[in-house]
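# need a structure here:
(chains A and B, ligands or ions: 2)
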Amino acid sequence: MSENTAVDEIIICQDVCKWFGEFQALKDVSLRVKAQEVVVIIGPSGSGKSTFIRCINRLEEHQAGTIVVDGIPLTRDVRHIEQIRSETGMVFQQFNLFPHLTVMENITLAPIHVRKLKKTEAQEIAMSLLNRVGIPEQADKYPGQLSGGQQQRVAIARSLAMQPKIMLFDEPTSALDPEMIKEVLDVMQELAETGMTMLVVTHEMGFAREVADRVVFMDSGEVVEVGTPEHFFTNAQQERTKTFLSQIL
Amino acid sequence: MTTAATSATRSLPPPSERYTILGWLRKNLFSSLFNTVLTVVAVAFIVFILQSLLRWAFTSAEWGVIPANFNLIMRGRYPAAEAWRLWLVLYLLGGAVGMIWSLTTRQIGTALLVVFVLPFALMLVPFFSWAIRLNLLLVEVIGIGGYALGRYLPIERRGRAIAYLLIGYLILMLVVLRGFGEDANTLPAVPTTLWGGLLLSLLLAFFGIALSFPLGVLLALGRQSQLPAIRIASVIYIEFIRGVPLISLLFMGQVMLQLFLPDGFPTIDRVLRALVAITLFSAAYTAENVRGGLQSVSRGQHEAAQALGLSGYQTTMLIILPQALRAVIPVLVGQFIGLFKDTSLVALVGLFDLLGIARTVLANPDWLGTQQEIYVMVAGLYWIFSYMMSYASRRIEEQLGVGKR
Ligand SMILES: Nc1ncnc2c1ncn2[C@@H]1O[C@H](COP(=O)(O)OP(=O)(O)OP(=O)(O)O)[C@@H](O)[C@H]1O
Ligand SMILES: [Mg+2]
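Ligands and ions are numbered 1, 2, ... in the order given. Purely as a prediction, here's the structure:
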C-alpha cells in the first residue's frame, strides 16, 4: 500500500474494542481510510462488521481505542458526535425511511432542521439527488408505495442531502429482491466514481471486486486481513479468509 | 385495423363491484340455509324489540317533559339574558369547524354533506322557536363562510393554522362564556356554578381532552426518559392515578382540596376542580396509550434520525411522536369517548351536567314519572356526540392513511 500521510486519512481507527455485556464484539480493530477511498468489509455473520461501522458514527459506543473522523476525535463530547454525524451518511439494510413523510420530505428533513437550509433550497437539492438516483418521479409518494430498490435509493439520496464527506453502508442490498440489487449497486458505483469516501459492508463480491480500493475481512471481532481486491480473490494469505471466500464464491 | 389492435392491448377496467339490492341481499343475508335462518331470527328479534320501544315512544311516552325543560337541559341555569353568548360560541364553532374542514380536505365528500345538513336537520325539530332556527341558520352560514375562507389559506402550513385556530377558539370561548367581572358592562361574569346541562358536559369533555392530551404525551415521554428522576416521577404518577377510580379523584377535588390549601386561600371554582380531576385522571391513561405507540416505532427510526444528525428533541418531535400518535389514534379516541361519558360522574359531586340536570328535572313534582323519557334523551345525546367522535376519528385515520403507509 502507498504511504499514508495523516492529512488525507479521513477515518482513523486504532485498537477499537467493544463489548456487549460480557461478549466482546470488537477486538482491537484498527483501520485507516483515506479520503475518496472505497473500503469493502466482508466477513461471516456475527463477525462484528455492523458493530464496527456503527461505532464510526456513534450508533454504538466503543469502550476502548480511538476513532478519529476527519480530524475530529470521537469521544463522549456531544458536539464532536454531532459534527461527525453531520459529515457521515449512513445507509441501512432495512432502509429506515420515515414512513409518515413523503420521499421529498424524507430527503429535505435533515437539511432543513440540521443544516438550516431554506425549504426551497433543500427541495432543489433533493430533486437533483432524486435525478441522480434515477427516481425523480417518485418525489411525492410515501415510502410504503415504493419498491425495495427504490426505497434504498431514496435512503441514499436522503443521506447525500446532508452533503456528507463519508458514506457508511451496512448491507444495503441484503433486504432486496435479486432484480433490485443491481439498481442500488449502480447508484453506489456512480457515487464511488464521484470520489466519495465509502465504507461498505456487503456480501456482493462483484461489487467488492469492481469498485473497492481495499477489502477488509473480519472474523469474530477482529480484522483478519486487509488488501486489494486482486490480492483477496487471487492470493489471500490467511486460512480463515480462504475458508470464508471458498464458502461464498 | 389500428383501432382493433390498440383496443386489444388496452387494459380492461376493473370489474364493477356494484350490486343490485336483490343481489346484495342474496349475497349477504340469504347465501345459505344457515344464513337465511340467522337472518329471519335476527329480523324477528329486532322487530320484537323495536315494536315495544316504538309503541312506548309513540303512545305512552310523555315527551312534553323535554321541550318544557329544554333550556335547562341545554345550558343549566346559565341566565337567559346571557344565552346569546352561547350562540356566539356556536357561531365561532361553526366557523372554526368549517375552516378546519377545508384545511384538512379539499374535496366535498359525504361527510361534509352530513355536517352541512346537520343544522338544517336540527331546524326541523318541531318544538324549536323561530329564534333558535334563525340562530342555527346563522351557525350554518358562518360555517360555510369559514369553509370558503379556509380554501384561501395555504395548505402547506395547515398543521400550524389548525393548532392556532383551536387554541384561539378555546380561549375566546372561555372569555365569552365566563365574561369579565361582576360589574362589567359588556360580558358580565357568569359564575361557573350556573353552567350546566349539555353545555357543562361538553365543556368538561372538551377541555378535559384538550388539557389531558398534551399532559399525557409528556408523561409518556417522561416514562421513557434517560433521566431517572423524570422517569420515576412519571411512573409513580401514572401508576397512582390508574390505581384509583375517577369518582374518588372527583371527591378528593371537591372535599379534600381545601385541607391542603393554606387558610384564606380563595376557594377554587368547583367546576375547575372537577376539570382538574378529570384531566389528571385522563392524562395517565393517555400516557399509557401513547407509550404503546412509542414502543411501536422501530429502533431503526431512531438510528436513521441520529445518523442524519437530528438532535434528540428533533427526533422525538419530527420522527417518533408523529408515528406513535398515528398508531394510537383509534385507542385515544376510544379513551376520549370514555372520558366524555365519564364526565357524567360529576353529577355525583353536585355539579349539574347533563345527568345532574336530568336528576333535578326528575326531582320536580311536575315531572314525576318521566324517568324513561329523560334517560332515553340523555342516552340519546351521549350517543350522538360519542358517535360523532368515533366518526371523526375514522375520517382522520383515512386522511392520514393510517394502516396504509
Ligand atoms: N445490541 C447488541 N447486544 C448484544 N449483542 C450484540 C448487539 N449487537 C450485536 N451483538 C453481537 O455482536 C456480534 C457482532 O454483531 P454484528 O451485528 O456487528 O455482526 P455482523 O458482522 O454485522 O453480522 P451480520 O452479517 O449478520 O450482519 C454478534 O455476535 C451479535 O450477536
Ligand atoms: Mg450486520
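
# Now do the SS call for the residue positioned nearest the centre of chain A.
The residue lying closest to the centre of chain A (Cα atoms, centre = their mean) is residue A:168, at 1.5 Å. The assignment at residue A:168 comes out as strand when based on DSSP: H, G, I helix; E, B strand; the rest coil.

# is it in a bridge, and if so with what?
residue A:90, residue A:199 (DSSP bridges).

# what's the pLDDT at it?
Looking at residue A:168, its pLDDT stands at 97.

# Verify the stated contact: it with residue A:91.
Yes. Using Cβ atoms under 8 Å, residue A:168 is in contact with residue A:91, at 7.2 Å. The C-beta positions use only the backbone N, C-alpha and C, and glycine is treated the same way.

# so what does the top helix by length along chain A touch, helix or strand wise?
Looking across chain A with DSSP state H, the single longest helix is helix A:178-193. In terms of contacts (3 or more Cβ pairs under 8 Å, 6 or more residues apart in numbering or on different chains; DSSP states H and E), helix A:178-193 is packed against helix A:148-160, strand A:197-201, helix A:205-211.

# For the ones you listed, give me a markdown table that also has distance to residue B:385 and mean neighbour count.
Below are the helices and strands packed on helix A:178-193 laid out as a markdown table (distance: least, Cβ to Cβ, whole Å; neighbours: other Cβ atoms under 10 Å in any protein chain shown):
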| stretch | distance to residue B:385 | mean neighbour count |
| --- | --- | --- |
| helix A:148-160 | 42 | 25 |
| strand A:197-201 | 56 | 24 |
| helix A:205-211 | 61 | 17 |
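
# Chain A against ligand 1: which residues are in contact?
A:20, A:23, A:25, A:43, A:45, A:46, A:47, A:48, A:49, A:50, A:51 (Cβ under 6 Å from any ligand atom).

# Can you check my assumption that the third one lies in a strand?
What that stands for is residue A:25. Yes. Counting by three-state DSSP, one finds residue A:25 located in a strand.

# residue contacts, it?
By Cβ atoms under 8 Å, 6 or more residues apart in numbering or on different chains, the contact list for residue A:25 reads A:18, A:19, A:48, A:51, A:221.

# from the residues you listed, which is closest to ligand 1?
residue A:51 (3.3 Å; Cβ to the nearest ligand atom).

# Confirm the closest one sits in a helix?
Yes. Counting by three-state DSSP, residue A:51 falls inside a helix.

# I'd guessed it sits against residue A:63; true?
No. The criterion here is Cβ under 8 Å, and residue A:51 misses it with residue A:63 at 11.7 Å.

# what is in contact with these two at once?
Common neighbours of residue A:51 and residue A:63 (Cβ under 8 Å, 6+ apart) are residue A:18.

# between these two, who's got more neighbours?
residue A:51 (21 against 12; other Cβ atoms under 10 Å in any protein chain shown).

# how far away is the more buried one from residue B:334?
Look at residue A:51 and residue B:334: by Cβ to Cβ, to the nearest Å, they are 42 Å apart.

# How about residue B:302?
28 Å.

# Buried subset of the contacts of residue A:25, written for ChimeraX?
A single ChimeraX command selects the buried members of these (16 or more other Cβ atoms under 10 Å in any protein chain shown):
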select /A:18,48,51,221
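
# so where do the helices sit in chain A?
Going by DSSP H, chain A shows helices at A:49-56, A:78-87, A:103-113, A:119-132, A:148-160, A:178-193, A:205-211, A:229-235, A:239-248.

# what's the domain layout of chain B?
B:79-190, B:200-405 (automatic domain parsing).

# Give me the below-cutoff pLDDT ranges for chain B.
B:1-11, B:13-19, B:106-112, B:184, B:401-405 (pLDDT under 70).

# Find the closest residue to ligand 1 in it.
For chain B, Cβ to the nearest ligand atom, closest residue to ligand 1: residue B:299, 9.4 Å.

# what about residue 142, neighbour count?
Assuming you mean chain A. Residue A:142: 19 neighbours (other Cβ under 10 Å).

# other chain: chain B
By other Cβ under 10 Å, the burial measure for residue B:142, its neighbour count, is 19.

# Repeat that for residue B:26.
12.

# could you measure it against chain A, distance?
37 Å (Cβ to the nearest Cβ, to the nearest Å).

# what's the helix or strand for that residue?
Assessed by DSSP states H and E, residue B:26 sits inside helix B:21-28.
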